[in-house]
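[1] here is the input, now give the coordinates:
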Amino acid sequence: MEKSCSLLIHFDKGTPALANEIKVALEGNDDTAKIDAMKKAVMLLLNGETLPQLFITIVRYVLPSEDHTVQKLLLLYLEIIAKTDSKGKVLPEMILICQNLRNNLQHPNEYIRGVTLRFLCRICETEIIEPLIPSILANLEHRNPFVRRNAILAVNAIYKLPHGDHLLVDAPEMIEKVLSTEADQSAKRNAFLMLYTCAQDLAVHYLLTHVDKVFEWGEPLQMIVLDLIRKVCRSNTREKGKYIKIIISLLNVPSATVIFECAGTLVSLSSAPTAIRAAASTYCQLLVSQSDNNVKLIVLDRLDELKASHNEIMVNMIMDVLRALSSPNHDIRRKTLDIALDLITPQNINEVVLTLKKEVVKTQSGEFEKDGEYRQMLIQAIHSCAVKFPEVAGTVVHMLMDFLGDSNVASAMDVVVFVREIIETNPKLRVAIVTRLLDIFYQIRSARVCSCALWIISEYCLSRSEVESGITTIKQCLGDLPFYLASEEGECNESSRRSPQVNSITISSKRPAILSDGTYATQSAASETAFSLPTAVQTTLNSGNLRSLLLTGDFFLGAVVVCALTRLVLRLMDVQTSRVEVHKASTQVLLIVVSMLQLGQSSFLPHPIDNDSYDRIVLCLRLLCNPDEHVRKIWLRSCHESFVQMLVEKQWREAEEIKAKAHVLHAQPDDLIDFYHLKSRKGMSQLELEDAVQDDLKRATGEFIKEGDSENKLNHIVQLTGFSDPVYAEAYVNVHHYDIILDVTIINRTKETLQNLCLELSTMGDLKLVERPQNYTLAPESSKQIKANIKVSSTETGIIFGNIVYETSKVFDRNVVVLNDIHIDIMDYIAPAVCGDAAYRSMWAEFEWENKVAVNTIIQDEKEFLDHIIKSTNMKCLTPPSALEGYCGFLAANLYAKSVFGEDALVNVSVEKQADGKLSGYIRIRSKTQGIALSLGDKITLKQKGGA
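    Presented below is the predicted three-dimensional model:
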């Protein structure tokens, strides 16, 4: 059996020292040489060498040394050498050591006394300790605090030994007496720690006797006090009130560590509003006062937990939480905004929005590198506020529209999507938003933002003046027609013949893009290639934003421009009484459409118009030439109705998610409900009364009862051996984030005592055993609970295997029972999560690991197959239900989940129904790491057949 080790030192095995060299150095008179020799001896002993020949040399030449370093190394040597023989009896030569230790404990130098006392804390042999006890106790009254604090630790360690209570019968009372007279904070901490572990009643008595002085105690002692309070309150809940008062008094100490622990202790022990409010206030104070970003993130996690269980109290702290936005770290800002958005109420919405507006204005200064990203977060937060409380939209929408021309395209996209939703949900703001958008449209420089803004203009310009202004604005941004001259086309042809390689520079490889409905599409050449523009084009870049973007070859935007103008002309036919004006506007738009087609089919630009954009523009051309009433209705009404339906579905999904997160409590019909005003006070303080009432309410509403725990535990029990084996074993597998705890029950089914029974486990995958197995003795027909801790380092399917080894009195050979394998399922690590379409597509393009699984199932309905995959993989379907409705023989959907390690798992399901009724297609899995892609693929392959 391996020996225990209390010392760990790095050892360079490249140059091992020889025992003879060490012996010669120790016999010399040079203290420096002795120090080096002792260090080498200690390192060799720690690495398995025995060096028995050195012991007498050390006794003769090292024990008498007066050098403090030599004495310290001597104690380390004595700590690690074997002090007992094979039968467990103390070696005779240890008598020499006892005399030296007694001399050290009476040494005039405080350092020698202190390190010797510390050394005795790690000695387990009673025969060595017993003759030293009088000297140890004498050091409890030494004048130097260093000696006293180590003497207390030695007394504590000796008292904890198997027969320590016989060696020091009245140790707790002795330490209590020392504690009452001790002035040194570290010594008091050590003394109180001993009472806490060995005589809890004495520790509680001392605490309650000196409760008015707790505030003045040092940080280490206050931390022990909090540990004691937690332990006492869990075993005796009726006396929580007086201890909670002590915790609240400690919230004002200067130590950040103590007040953080106080807040956590308050939350764990009490649900009284006063206690929770004090804890939340403390967390908010730490959020502002601490500079370490890791501390801020931990505090935000605690506030997030408080928000889930005590939302009504946290609502009043929202402005304090928002003060964390002053941190330049984006993770802190993002988490702060997430917490704040869940705490918004009609009472605080105006203050919150005002704060967010101020933060948006600050991002314009450009002081920090990632101001654009922070502005995007703020815009999304304001968007959420405006959706929840439409009355505040008018105060922010105009300010945010100033950022439509932002160089950060993602930020500008968030603004225009926000405007698109607000203009529909707030009809009163329509006129003001349309007017403002027409005024600043020329500032927009992003094709994606322009496309969305053009749709808003064409959809919400309803009056005659608005329609005419919309057409005029778009024409101004397009500039003069035509888009190029014939002479310029000739020059471009000539230059392209001379240098055919100059105009096109490929900047990224072709890869399929995944659309929001889950289908694949090839990205257009405009997004894949950057063009070095002809000279004639570069001279027009400053003429208008739409013209500049069109002359870079963005014909998708050209199709959007034509559609917007077509819709405006169709609406003008309804609001303009003069047919002459309508025909005039229609003619001008037709000229733009023809010029667009001419530009697309010319050689002026390096590549021609794509077929999709060409077909779209030609459709608009035909509609303008031959307006059909049915088609006009589709353009002017049906498109708007589809957008309204999309918003309704979005709001429904958000409401369903909120409903799913809501914590529903169940109480039995005959449960006791305690009424606050009828409760007997009996001298209780307000805090004690609140705490008692909250406990009663929890008991009455069933919050103390965790439903489904027993059922869930049964689902995770794995049988490890057969019923006919002499040893039966089963394990409860508890997966908790980065840890797997195996609670193994072992039953001796024989009539014999099993000796040296050992549970030996091994792992495959990214799993690691934390501790070595121990040997146990199991009586006939008795059972034993053994816990094994396993660390998990990645989201990958792992296997735990092993056996049970034991001995019996009749058989000298060891018996082995092989255990069934335990497969750690990836489903224990991933959970459904929500992700935006843009973020999903961005991750899909970025992640390099893809696992492609062919569909092979007996299920014949596409929707049923998708539901089966969602249930089997524990993922969230991001594709809206409306996109999955109906029957077309084809289905595409995006699934998303997040692991406990922060890894993203993306799945795209694309299935098609064949003529014979079977489903075919592929399931694509993408992730940043290989493990999650392979594990999810294996899981889907195993589960996709269905029918079971």
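
[2] give me the pLDDT for residue 803.
    pLDDT, residue 803: 90.

[3] switch to numbering from 35
    Let's use 35 as the start, then, which means that last one is residue 837.

[4] now for it: which residues touch it?
    Taking CB atoms under 8 Å, 6 or more residues apart in numbering, we find residue 837 in contact with 794, 850-853. Every residue, glycine included, has its C-beta placed from N, CA and C.

[5] hmm, try it at 6 Å
    Residue 837 sits next to 794, 850, 852-853 when contact means CB atoms under 6 Å, 6 or more residues apart in numbering.

[6] give the buried residues for the strand or helix carrying it.
    Here residue 837, judged by DSSP states H and E, is contained in strand 832-841. By neighbour count with 16 or more other CB atoms under 10 Å, strand 832-841 contains the buried residues 832, 834-841.

[7] give the pairing partners of the next helix or strand after it; include direction for each.
    Note on strand 832-841: by DSSP H and E, the next helix or strand toward the C-terminus is strand 849-852. Here strand 849-852 is paired, per DSSP bridges, with strand 832-841 (antiparallel).

[8] number of nearby residues for the nearest residue in space to residue 233 that is not next to it in sequence?
    Leaving aside its sequence neighbours, residue 233 sits nearest to residue 206 (CB to CB, 6 or more residues apart in numbering; 3.6 Å). When neighbours are counted by other CB atoms under 10 Å, residue 206 registers 21.

[9] how near is the residue lying farthest from the centre of the chain to residue 494?
    When distances to the mean C-alpha position of the chain are computed (CA atoms, centre = their mean), the maximum falls on residue 614, with 64.0 Å. To residue 494, residue 614 is 26 Å away according to CB to CB, to the nearest Å.

[10] now residue 819
    Here the criterion is CB to CB. By it, residue 819 lies 69 Å from residue 494.

[11] tell me which of these two has more neighbours.
    Higher neighbour count among residue 819 and residue 494: residue 494, with 20 against 9, using other CB under 10 Å.

[12] wait, that one touches residue 467, no?
    No. Contact criterion CB atoms under 6 Å: residue 494 and residue 467 do not qualify, at 7.5 Å.

[13] which residues are in contact with each of the two?
    Both residue 494 and residue 467 are contacted by residue 457, under the criterion CB under 6 Å, 6+ apart.

[14] count the neighbours of residue 217 for me.
    Residues lying near residue 217 (other CB under 10 Å) number 8.

[15] for it, which non-adjacent residue is spatially closest?
    Residue nearest to residue 217 in three dimensions, not counting chain neighbours: residue 179, with 7.9 Å by CB to CB, 6+ apart.

[16] please apply the same query to residue 430.
    residue 416 (5.3 Å).

[17] secondary structure class for the one you found?
    helix (DSSP: H, G, I helix; E, B strand; the rest coil).

[18] where does the chain have low pLDDT?
    For the chain, applying pLDDT under 70 flags the ranges 35-39, 44-51, 400-404, 519-578, 692, 694-749, 771, 827-831, 845-846, 980-982.

[19] residue 776 reaches residue 766, doesn't it?
    No. Here residue 776 does not reach residue 766: they are 7.4 Å apart, not a contact under CB under 6 Å.

[20] follow-up on the earlier one: now tabulate the buried residues of strand 832-841 in a markdown table and tack on distance to residue 889.
    A markdown table is the format used below for those (distance: CB to CB, whole Å):
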| residue | distance to residue 889 |
| --- | --- |
| 832 | 27 |
| 834 | 32 |
| 835 | 33 |
| 836 | 37 |
| 837 | 40 |
| 838 | 43 |
| 839 | 46 |
| 840 | 49 |
| 841 | 54 |
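
[21] how many residues are close by residue 278?
    Residues lying near residue 278 (other CB under 10 Å) number 25.

[22] now it: phi and psi?
    When quoted as degrees, to the nearest 10, the phi and psi of residue 278 stand at phi -60, psi -30.

[23] dump the residue contacts of it.
    Contacts of residue 278 (CB under 6 Å, 6+ apart): 304, 309.

[24] for the one 3 residues further on, same thing?
    Taking CB under 6 Å, 6+ apart as the criterion, residue 281 is in contact with 296, 299-300.

[25] now residue 190
    By CB under 6 Å, 6+ apart, the contact set of residue 190 is residue 228.

[26] that one: which element?
    Here residue 190, judged by DSSP H and E, is contained in helix 179-193.

[27] quick one on the thing from earlier: hang on, the residue nearest to residue 430 packs against residue 390?
    Yes. With contacts counted by CB under 6 Å, residue 416 reaches residue 390, the gap being 5.3 Å.

[28] for the two, indicate the residue with more neighbours.
    The neighbour comparison of residue 416 against residue 390 (other CB under 10 Å) goes to residue 416, with 28 against 21.

[29] any idea how far the more buried one lies from residue 161?
    From residue 416 to residue 161 the distance is 75 Å (CB to CB).

[30] then residue 185?
    For residue 185 relative to residue 161 (CB to CB), the value is 21 Å.

[31] show me which of those two is the more surrounded one.
    Just comparing residue 185 and residue 161: by other CB under 10 Å the higher neighbour count belongs to residue 185, 28 against 14.

[32] tell me the contacts of the more buried one?
    Residue 185 neighbours (CB under 6 Å, 6+ apart): 151, 173-174.

[33] how about it: what's its closest non-neighbour residue?
    Sequence neighbours aside, residue 173 is the residue nearest to residue 185 in space, at 3.9 Å (criterion: CB to CB, 6+ apart).

[34] ditto for residue 226
    residue 258 is the one closest to residue 226 (CB to CB, 6+ apart), at 5.4 Å.

[35] what's around that neighbour, how many residues?
    Other residues lying near residue 258 total 21 when counted by other CB under 10 Å.

[36] same check, this time on residue 204
    Residue 204 has 10 nearby residues by other CB under 10 Å.

[37] could you do residue 169 as well?
    Neighbour count for residue 169, taken as other CB under 10 Å: 19.

[38] pretty sure it contacts residue 139?
    Yes. Using CB under 6 Å, residue 169 makes contact with residue 139 at a distance of 3.9 Å.

[39] shared neighbours of the two, which are they?
    With CB under 6 Å, 6+ apart, residue 169 and residue 139 have no common neighbours.

[40] run the chain-centre distance for the helix or strand where residue 764 lies.
    Per DSSP H and E: residue 764 is located in strand 761-770. Offset of strand 761-770 from its chain centre (CA atoms, centre = their mean, to the nearest Å): 27 Å.

[41] got it, and stretch 956-965?
    20 Å.

[42] same check, this time on stretch 73-81
    43 Å.

[43] check stretch 938-953 too.
    Averaging C-alpha positions (CA atoms, centre = their mean) puts stretch 938-953 32 Å from its chain's average.

[44] in contact with residue 826, which residues?
    By CB under 6 Å, 6+ apart, the neighbours of residue 826 are residue 772.

[45] 8 Å instead, please
    Residues counted as contacts of residue 826 (CB under 8 Å, 6+ apart) are 769, 772-774, 800-801, 832, 858, 863.

[46] tell me the buried residues within these.
    For those, buried by 16+ other CB under 10 Å: 769, 774, 801, 832, 858, 863.

[47] ok, so what distance separates the third one from residue 795?
    This means residue 801. Note on residue 801: its distance to residue 795, by CB to CB, is 10 Å.

[48] repeat that for residue 320.
    41 Å.

[49] ok, residue 483 next?
    Note on residue 483: its distance to residue 795, by CB to CB, is 58 Å.

[50] who has more neighbours, those two?
    Using other CB under 10 Å as the criterion, residue 483 and residue 795 rank with residue 483 on top: 23 against 20.
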